[in-house]
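>>> Give me a model of this one.
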Amino acid sequence: MCNTIIRHTILNYIIPLCGLLSIIQEPAAQGYDRFWISGYDYWNTIPNNPNFGGTYIDFNEEPPHVYYDPNHTMNFWGTGSTISNAQGELLFYSNGMTIHDALHNVVDGGDTIGYGPYWEELMVNGMIGGAHFIQGAFFLPDPSGDEDEYWLCYAKADLKDTIFPEMSDILLARIQKISGNWEVVSKDELILHDTLANGELAICRHANGRDWWMLIGEKNTNAYYRLLVDPAGIHVIEKQLIGSDVNIGVGQAGFADIGNIYYRFEGSWFGDDGGKLHIYDFDRCSGRLSNHRSWVHPFHSLCGAIAPLNGRYLYTTDALNLYQWDLKASDIHDSKIVVATYDGFTDENGFETYFSFMMEGPDGRLYIIPPSGGSKFMHTIEYPYLSGTACSVIQHKIKLPTWNQRTVTMLPNFRLGALDGSFCDTLGIDNVPVAHFRFVKDSVNRNSFDFIDLSYFDPQSWLWDFGDGNSSSDQYPQHDYEAPGLYEVCLTVYNPSGSNTNCQEVVADKTTGIADLPSFNISLFPNPFNDFIQFDPPSSDLFKIVIYNASGSEVVNVEMSCPCTILTTAFTPGMYTYRISSSSFKSEGHLVKIK
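Residues are numbered from 1 along each chain as shown. Sure thing, here's the model as predicted:
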């Protein structure tokens, strides 16, 4: 951590200015999903207003780097997607109405996509406002493997419904590099025309390891269109009728359990019986659904659903509560657990930060936005693979630099490979696993680490070498180092197609020497805090103060005489742990920053 220390005649001030971020070292080139983008400017009436504009989340770093880009000009209002190249360098992004490149220029030919009556209605103060569909567009690299071509699949709507726009068309745009410049060589290729669901374009890798399946529901029926994405384009394969009717509303859809389950949550009106959760089995070879199950789900705001593609738990919200469902339980409905309840936190505009739409990050965390149109906060689920409250929901953990208008970036899961041995495993794409992981240092015991497996392409066994002579075969191990130092941790993953190893360095801190010191009560104010914390211990000794964020990283580490004050304007909202100690006493506890 980089700190600037300013001595004051009365108080000591510690101002954290910067932090060291670890760079993601992923062994295989799977960087397509490294950037999320949100923000808007159409309501801005003040020049250089810092509340408006583009917010970027860069997952090439751990923890993800959240920053403001002053050159950003696109507005998002629900629909949002990005694509990076295989090395994780941003290429394009879209709000379903236009396409920009990494330099924030409109890609040649991409100034108007999906043009029609609804397009004109979405102009706000003379600016392109952005389509309103959640999961309304997604980018893909050309399935043939051409690195000079990318595709954007997006929805178009007509204004037939006064409450929800009716999605009428699924369209395709192709972006190619020609003479060193990117151009939209075709757009608005009509793939499907019907009265469809409200967004919820769900996409899953075909079992052959190259192509993709896309599912989209017809409005207020039990029909699903199954589309195949292959090197020739996007094709409607079948309109399948299954189960009971699904009433259109606002929600999310996706795939779980390595693509074996398709889920869809629709909220039609506010109330305890206002939504419905639908779950189906999914065949990655044929793309067909089976075994429809559904039940009523409370719906008190704009709510969402998400499941880690490689996990067993599905998460849904009713705005006030966050639920976990076990997709491997014999009765999924009875497996419901409340893992978090809204804590009452409001943002600077007085909007409640309820739970709303969600997305899985490439770091294995789940990210949740509030439903308000001016929120700067995101909640996280740190360990979504763990049952119950052990999944660790951190409310308003991330404060964004600009307001977010109900937008979560939609990205396909590129970490699902071929289904080796299936009858549709016809392309010879061996599903060799790729090892990858992140780690979290314990905020109190600095020699203790949790290791989070992020490996993909169907790992079936794990071997961890902790660099100190110890090992583990657990998927998510915890390890304590007996001595401080620098250790190389290596994870090797296996399946019948092969193995792969990824190594990273971890630093076990020096022992503090305070374990046996007697504890004392310390006066600190305020807690929860905003811009500062005052420590007032019972003596005027020289104290060491260490503060850790929720990920276990140090944000303050200093020795100073107290009473003392620490400025915290650079802290993001969330939970913190402190440790203050002298030669005679120690005190440990928790702090919360609220905004």
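>>> in the sheet, who's paired with residue 35?
residue 58 (DSSP bridges).
>>> same question but for residue 127, I mixed them up
residue 124.
>>> for residue 82, what are its contacts?
33, 35, 36, 37, 90, 92, 93, 94, 139, 409, 411 (C-beta atoms under 8 Å, 6 or more residues apart in numbering). Where you see a C-beta, it was placed from the backbone N, CA and C, and this is true even at glycine.
>>> swap in residue 342?
Counting by C-beta under 8 Å, 6+ apart, residue 342 has contacts 319, 320, 321, 352, 353, 354, 355, 395.
>>> Closest one of the contacts of residue 82 to residue 595?
residue 36 (21.8 Å; C-beta to C-beta).
>>> ok, back up a step: quick one: which two of the contacts of residue 82 are the most distant?
So, the contacts of residue 82 by C-beta to C-beta: farthest apart are 33 and 94, at 14.6 Å.
>>> thinking again about what came up before, of the contacts of residue 342, which belong to strands?
321, 395 (DSSP state E).
>>> for the contacts of residue 342, which one is nearest residue 262?
Using C-beta to C-beta, these come closest to residue 262 at residue 355, 22.1 Å.
>>> For residue 118, what are phi and psi?
Note on residue 118: its backbone torsions stand at phi -70, psi -30 [degrees, to the nearest 10].
>>> can you pull the pLDDT of it?
We have a pLDDT of 80 for residue 118.
>>> Excluding chain neighbours, what is closest to residue 523?
residue 536 (4.1 Å; C-beta to C-beta, 6 or more residues apart in numbering).
>>> Contact partners for the one you found?
Per C-beta under 8 Å, 6+ apart, neighbours of residue 536: 522, 523, 524, 525, 562, 563.
>>> hmm, try it at 7 Å
523, 524, 562, 563 (C-beta atoms under 7 Å, 6 or more residues apart in numbering).
>>> so which of the residues you listed is the most crowded?
residue 562 (21 neighbours; other C-beta atoms under 10 Å).
>>> Would you map the helices across the chain?
Per DSSP state H, the chain carries helices over the ranges 117-121.
>>> Centroid-nearest residue for it?
By C-alpha atoms, centre = their mean, the chain has its centre lying nearest to residue 361, at 3.3 Å.
>>> In this structure that one contacts residue 59, no?
Yes - contact status for residue 361 versus residue 59: in contact at 6.0 Å, counting by C-beta atoms under 7 Å.
>>> so what's residue 177 up against?
Counting by C-beta under 7 Å, 6+ apart, residue 177 has contacts residue 148.
>>> do the same with residue 131
78, 79, 95, 96, 97, 122.
>>> so where's the stretch 451-595 of the chain uncertain?
510-519, 521, 539-541, 561, 583-584 (pLDDT under 70).
>>> typed the wrong thing, it's the stretch 101-250 of the chain
159-165.
>>> That one: strands as residue ranges?
123-124, 127-128, 137-141, 149-158, 166-178, 181-196, 202-205, 212-217, 223-230, 233-241, 250-256 (DSSP state E, counting those that start in this stretch).
>>> unless I'm mixing things up, residue 479 is touching residue 466, no?
Yes - contact criterion C-beta under 7 Å: residue 479 and residue 466 qualify, at 5.1 Å.
>>> follow-up on the earlier one: inside strands: which ones of the contacts of residue 82?
Those of the contacts of residue 82 lying in strands (DSSP E): 35, 36, 37, 90, 92, 93, 94, 139.
>>> What pLDDT is listed against the residue lying closest to the fifth one once chain neighbours are set aside?
Read it as residue 92. Among residues not flanking residue 92 along the chain, residue 83 sits closest, at 5.4 Å (C-beta to C-beta, 6+ apart). In this model, residue 83 is scored at 98, pLDDT.
>>> From the contacts of residue 536, pick the one nearest residue 545.
Using C-beta to C-beta, the contacts of residue 536 come closest to residue 545 at residue 562, 8.1 Å.
>>> Contacts only, for the closest one.
535, 536, 537, 540, 543.
>>> Check the residues you listed and tell me the two furthest apart.
535 and 540, at 11.8 Å, using C-beta to C-beta across those.
>>> before we move on, back to that, which one of the contacts of residue 562 has the most neighbours?
In the contacts of residue 562, the most neighbours by other C-beta under 10 Å go to residue 543, 23 neighbours.
>>> was I right about it contacting residue 582?
Yes - at 5.1 Å, residue 543 counts as touching residue 582 under the criterion of C-beta under 7 Å.
>>> burial of residue 75, as a residue count?
Residues near residue 75, counting by other C-beta under 10 Å: 26.
>>> and the gap between it and residue 166?
Between residue 75 and residue 166 the distance is 22 Å, computed by C-beta to C-beta, to the nearest Å.
>>> Kindly report the same for residue 49.
34 Å.
>>> Of these two, which one has the most company?
residue 166 (17 against 13).
>>> show me what contacts the more buried one?
By C-beta under 7 Å, 6+ apart, the neighbours of residue 166 are 157, 158, 160, 195, 219.
>>> Can you select the buried ones from the residues you listed in PyMOL?
This is the PyMOL syntax for the buried subset of the contacts of residue 166, where burial follows 16 or more other C-beta atoms under 10 Å:
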select buried, resi 157+195+219
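>>> quick one, what contacts residue 316?
265, 277, 297, 305, 323.
>>> Which residue, other than its chain neighbours, is closest to it?
Using C-beta to C-beta, 6+ apart, the closest residue to residue 316 is residue 305 (4.5 Å).
>>> just residue 588 next, same as before
In space, residue 588 is closest to residue 579, 4.9 Å off (C-beta to C-beta, 6+ apart).
>>> hey, what's that neighbour bridged with?
Residues in beta-bridge contact with residue 579 (DSSP bridges): residue 546, residue 588.
>>> Look up how far residue 442 lies from it.
12 Å.
>>> Also residue 35?
With C-beta to C-beta as the criterion, residue 35 and residue 442 are 30 Å apart.
>>> out of those two, which sits in the busier spot?
Between residue 35 and residue 442, counted using other C-beta under 10 Å, the more crowded position is residue 35 (23 against 16).
>>> ok now do that one, which residues does it touch?
56, 57, 58, 82, 84, 90.
>>> re earlier: if we take the contacts of residue 536, which one ends up nearest to residue 431?
Distances from residue 431 to the contacts of residue 536, taken as C-beta to C-beta, are shortest for residue 524 (52.8 Å).
>>> what's the nearest residue to that closest one if we skip its chain neighbours?
Nearest one to residue 524, counting by C-beta to C-beta, 6+ apart, is residue 535 at 5.3 Å.
>>> Can you name the residues bridging to that neighbour?
Under the criterion used here (DSSP bridges), residue 535 is bridged to residue 524, residue 564.
>>> Just to check, it is in contact with residue 526?
No - using C-beta under 7 Å, residue 535 makes no contact with residue 526, being 11.8 Å away.
>>> Beta-bridge partners for the residue nearest to residue 483 when sequence neighbours are not counted, please?
What sits nearest to residue 483 in space, not counting adjacent residues and going by C-beta to C-beta, 6+ apart, is residue 508, at 7.2 Å. Counting by DSSP bridges, residue 508 is bridged to residue 485.
>>> hang on, residue 508 packs against residue 484?
Yes - counting by C-beta under 7 Å, residue 508 does reach residue 484; the two are 4.9 Å apart.
>>> out of those two, which sits in the busier spot?
residue 508 (22 against 13).
>>> Take the ones in strands among the contacts of residue 82 and write them to CSV, including distance to residue 493.
Compiled in CSV, the ones in strands among the contacts of residue 82 are given as follows (distance: C-beta to C-beta, whole Å):
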residue, distance to residue 493
35, 26
36, 26
37, 31
90, 28
92, 32
93, 32
94, 34
139, 28
